[in-house]
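*Asks:* Based on what follows, work out the 3D shape:
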Amino acid sequence: MAGPSNWSGFGAGKEKLKIADGDITIVDGLDGPSMKLSLDLKLKLCKSWSNALIQKIMGRPHTFNFMLHKLRQKWSLIGQWSLVDFEDGYFIVRFQMQEDLDFVLTGGPWIIANQYLVVQKWRTNFVPGEDEIRRIPVWVRLSKLPMEWIDVDLLWNIGGMLRTTYKVDHVTEAQARGRFARIYVELDITKPLKGTLSVDDTGHQS
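*Replies:* Residues are numbered from 1 along each chain as shown. Next up is the predicted model:
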């Protein structure tokens, strides 16, 4: 099985950053020098993180070696991946292959030592130790849908009413189960959860 020990991850395949004239501006302020980065430079810095996921265990934190061991047991990935621990119990996982990232992001929920592992896409301006968990991916069941509504594109848009749709259940895709449809979406846990979605003026329980 492929694993992080075989891939440097945070340096593998990374192009050398090219800083052009005008990308950095330094201004002397009253409290000390201040550096401003151009939008182009910020985009270059973000590019190398597009293959990364943010992870955190809900509850008691675990050591790096424990997490590394458990994740290697949980995941059967195709390419190499790299795990790095940060402050406040956060981990960043970088993947060599997009297929592996998609599998980890949408293949959950992942449970480690009876604790829920939150998995999120990497986002700009993320600061471990300062950011709190606000959004988690969950499976949502939509019941009592008309059969003609069990359409992948429509279900992706229904999930978008909640926030971000990550996946439509493969059984739903095949229309093999008419009782309900399942979609894997990202929910904001800081806001009250609602039990009903309305589509075409018809409420459907989730």
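*Asks:* Okay, now the unreliable bits of the chain?
*Replies:* 1-15, 129-132, 163, 170-180, 193-195, 197-198, 200-206 (pLDDT under 70).
*Asks:* any idea where the strands of it begin and end?
*Replies:* For the chain, the strands defined by DSSP state E cover 24-29, 32-37, 52-57, 81-85, 90-95, 110-112, 115-121, 135-143, 164-168, 180-188, 196-199, 202-205.
*Asks:* Quick one: closest of those to Lys70.
*Replies:* strand 110-112 (5.0 Å; C-beta to C-beta). Any C-beta I mention is one placed from the backbone N, CA and C, and that applies to glycine too.
*Asks:* one step back: got TSV for the strands of the chain, with distance to Val104 and mean neighbour count too?
*Replies:* Below are the strands of the chain laid out as TSV (distance: least, C-beta to C-beta, whole Å; neighbours: other C-beta atoms under 10 Å):
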stretch	distance to Val104	mean neighbour count
strand 24-29	35	9
strand 32-37	30	9
strand 52-57	6	20
strand 81-85	8	19
strand 90-95	7	22
strand 110-112	8	16
strand 115-121	6	18
strand 135-143	11	17
strand 164-168	11	20
strand 180-188	12	20
strand 196-199	27	12
strand 202-205	29	13
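*Asks:* As JSON lines, the ones you listed with distance to Leu154 would be great.
*Replies:* Below are the strands of the chain laid out as JSON lines (distance: least, C-beta to C-beta, whole Å):
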{"stretch": "strand 24-29", "distance to Leu154": "47"}
{"stretch": "strand 32-37", "distance to Leu154": "41"}
{"stretch": "strand 52-57", "distance to Leu154": "28"}
{"stretch": "strand 81-85", "distance to Leu154": "34"}
{"stretch": "strand 90-95", "distance to Leu154": "30"}
{"stretch": "strand 110-112", "distance to Leu154": "28"}
{"stretch": "strand 115-121", "distance to Leu154": "23"}
{"stretch": "strand 135-143", "distance to Leu154": "11"}
{"stretch": "strand 164-168", "distance to Leu154": "10"}
{"stretch": "strand 180-188", "distance to Leu154": "9"}
{"stretch": "strand 196-199", "distance to Leu154": "8"}
{"stretch": "strand 202-205", "distance to Leu154": "12"}
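*Asks:* Looking at the ones you listed, spot the one closest to Leu45.
*Replies:* strand 32-37 (7.8 Å).
*Asks:* next one: that closest one to chain centre, how far?
*Replies:* From the chain centre to the centre of strand 32-37 is a distance of 31 Å (C-alpha atoms, centre = their mean, to the nearest Å).
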